[in-house]
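A.B. asks: Here's my sequence, what's the structure:
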Amino acid sequence: MAKLNDSKLNSLFRTLPEGLLVDSTWLRSRGYSSSLCSQYVAAGWLEQPARRVYQRTRTNLNDALTWQQVVISLQTVLDKALVVGGRTALELQGLSHYLSAQVREVHLYGPEAPPTWLDDLPVDVTFRHHTGKRLFADDLRTPGLTSLDWSLQTGASANDDPLRSGFRQLDWGPWNWPLTVSTVERAILELLDQLPNDESFHQADKLMEGLTMISPRRMAKLLAGCRSVKVKRLFFFFAERHQHRWLSQLDPRQFDLGVGNRVLVQGGKLNSRYHITVPEDLDGLQ
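C.D. replies: Okay, here's the model as predicted:
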């Protein structure tokens, strides 16, 4: 590598931690032209894992790019309001034995779609975006609501109340970078929203069976803010089915469950309490 003596390069290194990603738009807005970035790549200061994407060169060049690095870059450096949620958040928080053994899809929730260059990166996952608007009306950028305002330089975040929202941070990698994900309570509602087209009743049933430890206070707040009648009915159906102890602290009558039947499964059986159709052979599903 060339000697580090460029003031602009020094400034870039103070802003961009080793291994994280930025795109050409981010660089251009800070005065780094395409030709200058090409010089940095040629000198070995930056790598280019995909067109329009740059990464600060890693000390160990044999380390493959991970999806966690990509998402952390989006959340912290590129200031994108995107949270890891649904199935992926559940897998990351110890429920992978009910799901796949390996993360193959990364479910991102946020008001705006992630950059299109995500699909060009050399990572072995597929990114799936959900706006989440039909579930919750919250604003991911509201100060204190999430930790998306985390500063990698100061290590500070505005979110100091774990019950304030449905998000949490997981430390990742040797640098303990913050990966913002949906809590288990929020993630299970996000997953239930994908029934019956993109998730199965069998897996949802197994996941709900394993939710022995949740925060009723956090769940009550999420259910109160949830816009989906289908999701709330499914949640209480599965919770009652498995007779969780925490259910005694959540009264379905306190939440708007709507009126009328919801046909979720053609030819299924109607649950008379929550007025949803579920598979006739739910107990025998494999």
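
A.B. asks: in a strand, that's where Val106 is, yeah?
C.D. replies: Yes - under DSSP: H, G, I helix; E, B strand; the rest coil, Val106 sits within a strand.

A.B. asks: That one pairs with what?
C.D. replies: Using DSSP bridges, the bridge partners assigned to Val106 are Phe127.

A.B. asks: Report the contact partners of it.
C.D. replies: With contacts taken as CB atoms under 8 Å, 6 or more residues apart in numbering, Val106 has the following neighbours: 67, 71, 84, 88, 125-128. (C-beta placed from N, C-alpha, C; glycine too.)

A.B. asks: and if we set it to 6 Å?
C.D. replies: Applying CB atoms under 6 Å, 6 or more residues apart in numbering to Val106 gives the contacts 67, 88, 125, 127.

A.B. asks: just Cys37 next, same as before
C.D. replies: Cys37 touches Leu27, counting by CB under 6 Å, 6+ apart.

A.B. asks: Remind me which helix or strand it belongs to.
C.D. replies: Cys37 is part of helix 34-43, with elements assigned from DSSP states H and E.

A.B. asks: and that helix, what's its mean pLDDT?
C.D. replies: Model confidence over helix 34-43 averages 94 on the pLDDT scale.

A.B. asks: Ok, stretch 10-18 next?
C.D. replies: Per-residue pLDDT over stretch 10-18 has a mean of 91.

A.B. asks: returning to what we had before: which of the contacts of Val106 has the largest number of neighbours?
C.D. replies: Note: the member of those with the most neighbours is Thr88, at 27 neighbours, neighbours being other CB atoms under 10 Å.

A.B. asks: before we move on, the earlier item: list the helices and strands whichever helix or strand comes after the helix holding Cys37 packs on?
C.D. replies: Past helix 34-43, heading to the C-terminal end, the next element that is a helix or strand (DSSP H and E) is strand 46-50. Using 3 or more CB pairs under 6 Å, 6 or more residues apart in numbering; DSSP states H and E as the contact criterion, the neighbours of strand 46-50 among helices and strands are strand 53-56.

A.B. asks: Closest one to Asn261 out of the contacts of Val106, please.
C.D. replies: Thr88 (31.7 Å; CB to CB).

A.B. asks: SS state for that closest one?
C.D. replies: For Thr88, the secondary structure call by three-state DSSP comes out as helix.

A.B. asks: Skip ahead from the helix or strand hosting Lys230 and say which helix or strand is next.
C.D. replies: According to DSSP H and E, Lys230 maps onto helix 229-241. Using DSSP H and E, the next helix or strand after helix 229-241 towards the C-terminus is strand 269-271.

A.B. asks: Distance from that following strand to the middle of the chain?
C.D. replies: Taking CA atoms, centre = their mean, to the nearest Å, one finds strand 269-271 lying 32 Å from the centre of the chain it belongs to.

A.B. asks: so what strands line up beside it?
C.D. replies: When pairs are called by DSSP bridges, strand 269-271 turns out to pair with strand 276-278 (antiparallel).

A.B. asks: pLDDT of the partner strand, averaged?
C.D. replies: When the per-residue pLDDT values of strand 276-278 are averaged, the result is 95.

A.B. asks: That's all I had, so thanks and see you.
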